[in-house]
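**Student:** Got a predicted structure here, sequence first:
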Amino acid sequence: SIIGARPNSYLNLVNNNFVIEGVAAFNFSDSQTVAAYPHEQIITVKNKRKIDFGGKLTAGWFDFYSDKFEFDYLNFKIHSDKIDSMRLYYPDSLNGNTLLPVTSLLKDISGTIYIDKPNNKSGTDTSNGQYPIFVSEKPSKISYQKSSIYKGAYNEKDFYFKVDPFTIDSLDNFTISGLKFPGTFVSAGILPEFRFEAKIMKDYSLGFEKASPPGGYPLYGTKGHGDIDITLNDKGLTARGEVEYLGAKIKSKDIVLLPDSMNSNTDIFTIDESVKYPKYSAANIKNHWVPKKDSLYINTLGHTTDIFRNGQKFTGNLVLTPKILTGKGLLEWDNAKMTSKLMNFATNSVKSDTAKIEINTIDQGKIAFSSTNVKAFVDFDKRTGDFKANIPGQLTDFGYNQFASSMDQYFWDMDKQTILLTKSPR
């Protein structure tokens, strides 16, 4: 040991423990590549050559971190009741001489490292290829709470892979195909808990790929349903397949499942017509589902999408809830346009408290009717539109006829191609 300004060791006469300071590192076995890097460079040598220390312990391609390791010289093993974390390394597939860290950590481990056979402390017998061996004695967990994974969205208290007690031999020469951690996946309520195996993934994280089971999964309790293949790695919990919510179907190859929400770049999105909702279909859009708010957000990304039954088009943003489908954007049909910051869609009608309406002539495509601030109700079953000016006396333009009116109520019969102007009583 190397230390300055004070003695580098002392003997406690009460318990006969010998404390040594200034110990930066030392080997338990150079042949098995087991070495210690004590925290604050302090170790305690006890009776029968036992050694206590905290810090980092390396064993082959594994690093262990604990506040207290206990070395048993007689049985040539190192034990810790609480290993804070364990990191694995694996040879680079392009450069076998370089060890790359597996990016996921195993945490909250209790276990023992068997360095070598007790009668082979010198390492002269090289036939013991299974050493060093690590035996975990209690369940541990793989955490995915990292700032690099959606800013720490996966809180390790309720999102983790719970690993069964396990044994790994040949810590300095294991195979990636043979290293698997059976256990239970706990996903903060995104999916039901299930048994599976974690392994080293292509991105050097610990995770898994799992095909959808028959019948799929309930999602976020009973909020939705997913026929999805899932992947867990350093990109978080991702999926591909179909998700259903309130009659809406999301088909996507790029789904991210977070504890509080789901995001997707959606290939095909549909809503089945019902007593609450209109028929709707779109392609190449974005979805954001917040189950606790019972809200599914739809962003058309500027694409024109199909709504209702007869060729109506919508561009903008929609929100689907258990009560209603609302939207902000542009609704187009036949020769008409309706723009609003809030539209309420029903099975085959739409209404808005504040909207801009434009109706064009059929033959020449010129604006026949335009009003910028009206309360609107359009019924596509009856093929009618009711509009009422929100500001009394506001002028409405009939551009094609070069006429403006201060009437504040308008009834549009789409099939007759007529607009009835009336004045509401004051």
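**Tutor:** That came through, no problem.

**Student:** Tell me the span between the first and last residue of stretch 89-100.
**Tutor:** This stretch, stretch 89-100, spans 5 Å end to end (Cα to Cα, to the nearest Å).

**Student:** Kindly provide the whole-number mean pLDDT of it.
**Tutor:** When pLDDT is averaged along stretch 89-100, the result is 74.

**Student:** Okay, strands next: where are they in the stretch 51-200 of the chain?
**Tutor:** 51-59, 62-72, 77-91, 99-101, 106-114, 133-136, 140-143, 159-163, 167-168, 180-187, 194-200 (DSSP state E, counting those that start in this stretch).

**Student:** Export the ones you listed as JSON lines, with columns for distance to Lys341 and mean neighbour count.
**Tutor:** Glycine gets a C-beta too; all of them are placed from N, C-alpha and C. Compiled in JSON lines, the strands of the stretch 51-200 of the chain are given as follows (distance: least, Cβ to Cβ, whole Å; neighbours: other Cβ atoms under 10 Å):
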{"stretch": "strand 51-59", "distance to Lys341": "58", "mean neighbour count": "21"}
{"stretch": "strand 62-72", "distance to Lys341": "54", "mean neighbour count": "19"}
{"stretch": "strand 77-91", "distance to Lys341": "50", "mean neighbour count": "18"}
{"stretch": "strand 99-101", "distance to Lys341": "50", "mean neighbour count": "13"}
{"stretch": "strand 106-114", "distance to Lys341": "48", "mean neighbour count": "21"}
{"stretch": "strand 133-136", "distance to Lys341": "57", "mean neighbour count": "19"}
{"stretch": "strand 140-143", "distance to Lys341": "43", "mean neighbour count": "22"}
{"stretch": "strand 159-163", "distance to Lys341": "37", "mean neighbour count": "22"}
{"stretch": "strand 167-168", "distance to Lys341": "59", "mean neighbour count": "17"}
{"stretch": "strand 180-187", "distance to Lys341": "37", "mean neighbour count": "19"}
{"stretch": "strand 194-200", "distance to Lys341": "43", "mean neighbour count": "16"}
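
**Student:** Quick one, which of those strands gets closest to Ser371.
**Tutor:** Ser371 lies closest, by Cβ to Cβ, to one member of the strands of the stretch 51-200 of the chain: strand 180-187, at 51.0 Å.

**Student:** follow-up on the earlier one: can you lay out the strands of the stretch 51-200 of the chain as a markdown table showing distance to Ile357?
**Tutor:** What follows is these, written out as a markdown table (distance: least, Cβ to Cβ, whole Å):
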| stretch | distance to Ile357 |
| --- | --- |
| strand 51-59 | 71 |
| strand 62-72 | 67 |
| strand 77-91 | 63 |
| strand 99-101 | 62 |
| strand 106-114 | 60 |
| strand 133-136 | 69 |
| strand 140-143 | 55 |
| strand 159-163 | 48 |
| strand 167-168 | 70 |
| strand 180-187 | 47 |
| strand 194-200 | 53 |
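
**Student:** among those, which is nearest Thr315?
**Tutor:** Closest approach to Thr315 among those (Cβ to Cβ): strand 180-187, 35.3 Å.

**Student:** Now do the closest one against strand 159-163: the angle between them, please.
**Tutor:** 150 degrees (axes from the mean of the first three to the mean of the last three Cα atoms, to 10 degrees).

**Student:** Which secondary structure elements does strand 180-187 sit against?
**Tutor:** Applying 3 or more Cβ pairs under 8 Å, 6 or more residues apart in numbering; DSSP states H and E, one finds that strand 180-187 makes contact with strand 159-163, strand 194-200.

**Student:** okay, the last one in CSV with CA atoms only?
**Tutor:** Once side chains and other backbone atoms are set aside, the C-alpha atoms of strand 194-200 remain, and they are given as CSV (Å, rounded to 0.1, in the frame of the first residue of the first chain):
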residue,chain,number,x,y,z
PHE,A,194,-45.2,-12.6,-17.6
ARG,A,195,-42.3,-15.1,-17.4
PHE,A,196,-39.5,-14.9,-20.0
GLU,A,197,-35.7,-14.8,-20.4
ALA,A,198,-33.5,-11.7,-20.7
LYS,A,199,-30.5,-12.0,-22.9
ILE,A,200,-27.8,-9.8,-24.5
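
**Student:** which neighbours does the very next helix or strand once past it have in its sheet, and in what orientation?
**Tutor:** Later in the chain than strand 194-200, the nearest helix or strand by DSSP states H and E is strand 206-210. Partners of strand 206-210 in the sheet, by DSSP bridges, are strand 194-200 (antiparallel), strand 224-233 (antiparallel).

**Student:** so what's Gln56 bridging to?
**Tutor:** No Gln there; residue 56 is Lys. Beta-bridge pairing for Lys56 (DSSP bridges): Tyr37, Tyr65.

**Student:** looking at it, it is touching Ala25, isn't it?
**Tutor:** No: using Cβ atoms under 8 Å, Lys56 is not in contact with Ala25; the gap is 9.1 Å.

**Student:** what do these two both touch?
**Tutor:** Residues touching both Lys56 and Ala25 (Cβ atoms under 8 Å, 6 or more residues apart in numbering) are Ala36, Tyr37.

**Student:** Relative to Val14, which of the helices and strands packed on strand 180-187 is closest?
**Tutor:** strand 159-163 (40.4 Å).

**Student:** so what does the closest one touch, helix or strand wise?
**Tutor:** So strand 159-163, by 3+ Cβ pairs under 8 Å, 6+ apart, packs with strand 140-143, strand 180-187, strand 206-210.

**Student:** Report the inter-axis angle for it versus strand 106-114.
**Tutor:** Counting by the same axes, to 10 degrees, strand 159-163 points 20 degrees away from the direction of strand 106-114.

**Student:** Measure how far strand 159-163 is from the centre of its chain, please.
**Tutor:** When C-alpha coordinates are averaged (Cα atoms, centre = their mean, to the nearest Å), strand 159-163 and its chain have centres 15 Å apart.

**Student:** I'd guessed Lys138 sits against Ile109; true?
**Tutor:** Yes: counting by Cβ under 8 Å, Ile109 is a contact partner of Lys138 at 7.5 Å.

**Student:** thinking again about what came up before, so which of the helices and strands packed on strand 180-187 comes closest to Leu179?
**Tutor:** Leu179 lies closest, by Cβ to Cβ, to one member of the helices and strands packed on strand 180-187: strand 194-200, at 6.3 Å.
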